[in-house]
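> Sequence below, structure please.
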Amino acid sequence: MKNQKSLFVLLFCVTFQSCCPFLVDCEGDDFIDTASSYEPVFLNRAEFEKSVLVKNSLAIGTSGKIYVKDNLLFINELNQGFHVYDNADPENPKAIKFLEAPGSTDLAIRGKMIYINQATDLIAVEYNSGTNTASLTKRIPNTFPQLRSPDGFDAYDVPENSVIVDWKLKN
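As a prediction, this is how the structure comes out:
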């Protein structure tokens, strides 16, 4: 019985000590700063819902996922939208347009419909490759959780009727 108590006390001490680096600075008594190095970029819900646009092509900055459908190539510009390329000649794809959708990180295509996760919403966009236009056909709000910071933190104090569409490094 005494061995069980000693084992329990030892296990408890080891477990508690292993939490030390996450809770306090082990060389002092200060708590470790757990604040994000990034600050959220907000967009008013009304503006957010009108933000899906087709614009002239842009240079790729921070690329994300790539999707190929027929002769079109879609390259995600992380949290900004999608670069649309004519991929008829895969050796030499040509930039066509930029499908702006703030907060977007992924898409899927079925038939002529493009499904995009735009921050917290799931949207359906019909892209016409002949005229290079897009029309939003459906929006399902609050399908996804708010975007987390690149270092894994959630935003607190999100203004009412606002959506986090990106995170910027603090100065």
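
> What is the burial count for residue 158?
Neighbour count of residue 158, defined by other C-beta atoms under 10 Å: 13. The way it works is simple: take the backbone N, C-alpha and C, and place the C-beta from them, glycine included.

> Confirm for me that it is in contact with residue 145.
No. Using C-beta atoms under 8 Å, residue 158 is not in contact with residue 145, being 11.5 Å away.

> Enumerate every residue touching residue 103.
43, 48, 79, 118-120, 147, 163-166 (C-beta atoms under 8 Å, 6 or more residues apart in numbering).

> Give me the neighbour count for residue 165.
Neighbours around residue 165, by other C-beta under 10 Å: 22.

> Now do it against residue 68, distance only.
Distance of residue 165 to residue 68, given as C-beta to C-beta, to the nearest Å: 26 Å.

> Now residue 88: closest residue in space, sequence neighbours ignored.
Leaving out its chain neighbours, the residue that sits closest to residue 88 by C-beta to C-beta, 6 or more residues apart in numbering is residue 71, at 4.5 Å.

> Look up how far residue 94 lies from that neighbour.
From residue 71 over to residue 94 (counting by C-beta to C-beta), the distance is 10 Å.

> can you confirm residue 134 is in a strand?
Yes. Assessed with DSSP: H, G, I helix; E, B strand; the rest coil, residue 134 lies in a strand.

> Show me what the helix or strand where residue 73 lies pairs with in its sheet, parallel or antiparallel.
Using DSSP states H and E, residue 73 sits in strand 72-77. Strand pairing for strand 72-77, determined by DSSP bridges: strand 63-69 (antiparallel), strand 81-86 (antiparallel).
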